[in-house]
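> turn this into a model:
(one chain, ligands or ions: 2)
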Amino acid sequence: MDDIKIGLVGLGTVGSSVLKMITENQDKVQNITGRRLNVKTIVVRNIAKHQDQVPENVKLTTELADIVNDPEIKIVVEVMGGLHPAKEVITQLLNAKKHVVTANKDLIASAGEELAALARANHCDLMYEASVAGGIPILRTIVTSFAADHITEVKGIVNGTTNYILTQMQRRNWTYDQALMKAQELGFAESDPTNDVEGIDAAYKMVILSQFSYGTHIKLANMKVEGISAIQQRDVLQADAFGYTIKLLGISRRINGGVFAEVGPVLVPKDHPLATINNENNAVMVTGEAVGETLFYGPGAGGLPTANSVLSDIVSVTKNIVLGTTGNSFNNYQSDIGRVDPNDIVYAYYLSLQMLDAPGQMLKLTQIMTQIGASFSRIVQTKNDDQTARVVIITHKMSKAQLADFKQQLAAVDTISLLGSYKVL
Ligand SMILES: NC(=O)C1=CN([C@@H]2O[C@H](COP(=O)(O)OP(=O)(O)OC[C@H]3O[C@@H](n4cnc5c(N)ncnc54)[C@H](OP(=O)(O)O)[C@@H]3O)[C@@H](O)[C@H]2O)C=CC1
Ligand SMILES: N[C@@H](CC=O)C(=O)O
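Residues are numbered from 1 along each chain as shown. Ligands and ions are numbered 1, 2, ... in the order given. Okay, here's the model as predicted:
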């Protein structure tokens, strides 16, 4: 029986684990698909760096053409990352009738529909299970197991690096920089970690999750995206004292016929399942009208967990090749859902404020809250490092429009400034 020859583009954290899994788990894959998988060619930037990593029968090259022009190679795994030249690489591969498996959320969130159309036009498969939540098989689960249910909400921790950083800041009292450096060393972070810490990587994943869950493409430009780089240790400690853990959450929800998605730090009650997700682990909560609340948990970053998701795609493509059923989209759900009015999105908020030493500050704050029709449930006064008063409040539920109003009114008061505002789950 024919082997399936595979090409890899990229041999970093994920690529090297894909090579290892294909090499070591041959027998099981053959048992399931009836085909042996063989990595034939690997494209990297720097051959010398990788020479010792690959068996002798595998060709290491810097030329994509060595894969594109090789008719024996049927499936190509793109694990180089980034938007360019990854988009051009996948375009060339699909036009050369190669089936493509990728872990590249930046690209799928930005150009997934265009590439899926190109794949269909070339009767090729394009699969990307590893692009969301690393080792958690969430995309295929939504496609298959939620096919008939209406998903009303998807929320969770979808970035391993930031969850690792927040965990180390909370549990080991590490500084932000210390924790980020370790996350990079462990291979969780992107080659440029800006997208991780600024929430953009999580936002890409929420775009893909929303596409699968609601059949609609939410543009990154229409999402509120905030990362963890501005979180201060004292907010972590204050949240803890209030009974919360700060987590970077992606939240998307169907409300009144519309959909919204956003990413930002959220105070999660310590007894909520998402508060217990630590280190590089991710968790995705999917709520369906019929099934109710479900939770999917596992490693969200790291070589082997991510490689397992890549392998699940390779095995699916292999089965499609064997059955002659390639060329179908990974996700077929399309629906025309509009956007949501900010007045319909309500949360309680954690607000930390700096107050200069002047009479009547608390009264002013209370007046603004009353004026916008909001109120607070908890309030604590401490000192900032510069000895100015620091007031932290947790509000009752208020709409995004009310919060915007609050911020606008506060901006006109020169003795009170908002240091941070985070949603409370
Ligand atoms: N790391 C993780 O935990 C996860 C990563 N992902 C995604 O997987 C993808 C790969 O990530 P990761 O393995 O961490 O990345 P790495 O930075 O570890 O590896 C990237 C690899 O791609 C190669 N490469 C980069 N640019 C080019 C180019 N222009 N031409 C040829 N080769 C190139 C590099 O070659 P060289 O070594 O020669 O420089 C390197 O081998 C990304 O899309 C990432 O977002 C998804 C889930 C989890
Ligand atoms: N950098 C990403 C890797 C997986 O997608 C993360 O930290 O989650």
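> for the residue of the chain found nearest ligand 1, grab the count of nearby residues.
Checking the chain residue by residue against ligand 1 with CB to the nearest ligand atom singles out Gly12 as nearest, at 1.9 Å. For every residue, glycine as well, the C-beta is placed using N, CA and C. Residue neighbour count, defined by other CB atoms under 10 Å, stands at 17 for Gly12.
> and for Thr325?
Here the neighbour count serves as a burial measure; for Thr325 (other CB under 10 Å) it reads 10.
> so for stretch 174-181, what gets flagged as buried?
For stretch 174-181, a neighbour-count test (16 or more other CB atoms under 10 Å) marks 174, 176, 179-180 as buried.
> of those residues, which belong to strands?
The strands in this structure, assigned by DSSP state E, contain none of the buried residues of stretch 174-181.
> tell me the one among those nearest to ligand 2.
Leu180 (10.8 Å).
> contacting residues around the closest one?
Residues touching Leu180, when contacts are defined by CB atoms under 8 Å, 6 or more residues apart in numbering, comprise 161, 165, 189, 193, 197.
> which of those ranks first by neighbour count?
Of the contacts of Leu180, Ile165 is surrounded by the most neighbours, 32 neighbours in total, counting by other CB under 10 Å.
> go ahead and confirm that one touches Gly227.
No - in this structure Ile165 lies outside contact range of Gly227 using CB atoms under 8 Å: 10.2 Å.
> got any residues that touch both of those two?
Taking CB under 8 Å, 6+ apart as the contact definition, Ile165 and Gly227 share the neighbouring residues Val197.
> name every strand pairing with the helix or strand containing Ser417 and say which way it goes.
Under DSSP states H and E, the secondary-structure element containing Ser417 is strand 416-424. For strand 416-424, sheet partners with direction are given as strand 258-269 (parallel), strand 346-355 (antiparallel), following DSSP bridges.
> buried residues in it?
Neighbour-count burial for strand 416-424, with 16+ other CB under 10 Å as criterion, is recorded at 416, 419, 421-424.
> tell me the one of the residues you listed nearest Lys105?
Distance ranking of the buried residues of strand 416-424 against Lys105, using CB to CB, places Lys423 first at 23.0 Å.
> how about the residue of the chain most remote from its centre, secondary structure?
Among the C-alpha atoms of the chain, the one most distant from their mean position (CA atoms, centre = their mean) is that of Pro359, at 45.6 Å. Here Pro359 is recorded as coil under DSSP: H, G, I helix; E, B strand; the rest coil.
> for Gln387, see how far away the closest residue in space to Ala111 that isn't next to it in sequence is.
Of all residues not flanking Ala111 in the chain, Lys87 sits nearest, at 5.7 Å (CB to CB, 6 or more residues apart in numbering). To Gln387, Lys87 is 52 Å away according to CB to CB, to the nearest Å.
> who's more crowded, these two?
Taking Lys87 and Gln387 together and counting by other CB under 10 Å, Lys87 has the greater number of neighbours (18 against 8).
> what does the stretch 301-425 of the chain put close to ligand 2?
Taking CB under 6 Å from any ligand atom as the criterion, the neighbours of ligand 2 within the stretch 301-425 of the chain are Ala301.
> what are the ranges of the strands in the stretch 301-425 of the chain?
Taking DSSP state E, counting those that start in this stretch as the test, the strands found in the stretch 301-425 of the chain are 338-339, 346-355, 376-383, 389-395, 398-399, 416-424.
> pull out the buried residues from the longest one.
Same thing as strand 346-355. Buried positions in strand 346-355, judged by neighbour count with 16+ other CB under 10 Å: 346-353, 355.
> leaving out sequence neighbours, find the closest residue to Trp174.
The spatial neighbour of Trp174 that comes closest, neighbours along the chain excluded (CB to CB, 6+ apart), is Gln168 at 4.2 Å.
> list the contacts for that neighbour?
By CB under 8 Å, 6+ apart, the contact set of Gln168 is 174, 178-179, 182.
> need the pLDDT of the closest residue to ligand 2 within the stretch 301-425 of the chain.
Of all residues in the stretch 301-425 of the chain, Ala301 sits closest to ligand 2, with a separation of 3.9 Å (CB to the nearest ligand atom). Ala301 is assigned a predicted lDDT (pLDDT) of 98.
> quick check on the nearest residue to it once chain neighbours are set aside: phi, psi?
Of all residues beyond its chain neighbours, the one nearest Ala301 is Gly160 (3.0 Å), with distances taken as CB to CB, 6+ apart. Here the main-chain torsion angles of Gly160 (degrees, to the nearest 10) amount to phi -70, psi -40.
> dump the residue contacts of Gly160.
Residues touching Gly160, when contacts are defined by CB under 8 Å, 6+ apart, comprise 134, 183, 188, 279-282, 299-302.
> in this protein, where is pLDDT below threshold?
Across the chain, the stretches falling below the confidence threshold (pLDDT under 70) are 1.
> name the residues of it found near ligand 2, please.
Proximity of the chain to ligand 2 (CB under 6 Å from any ligand atom) is limited to residues 134, 159-161, 188-190, 196, 201, 300-301.
> which of those residues fall within helices?
Assigned to helices by DSSP state H, the following of the residues of the chain next to ligand 2 qualify: 160-161, 196, 201.
> okay, which residue is most central for this protein?
Nearest to the mean C-alpha position of the chain, counting by CA atoms, centre = their mean, stands Ala202 at 3.1 Å.
> list the contacts for the closest residue to Gly303 other than its chain neighbours?
Excluding its sequence neighbours, the residue lying closest to Gly303 (CB to CB, 6+ apart) is Ser17, at 3.4 Å. The contact partners of Ser17, taken as CB under 8 Å, 6+ apart, are 303-304, 306-307.
> from the residues you listed, which are also near ligand 1?
Intersecting the contacts of Ser17 with the contacts of ligand 1 gives Thr306 (criterion: CB under 6 Å from any ligand atom).
> and the contacts of Ser17, which two are the farthest apart?
Of all pairs drawn from the contacts of Ser17, the widest gap by CB to CB lies between Leu304 and Thr306 and measures 7.3 Å.
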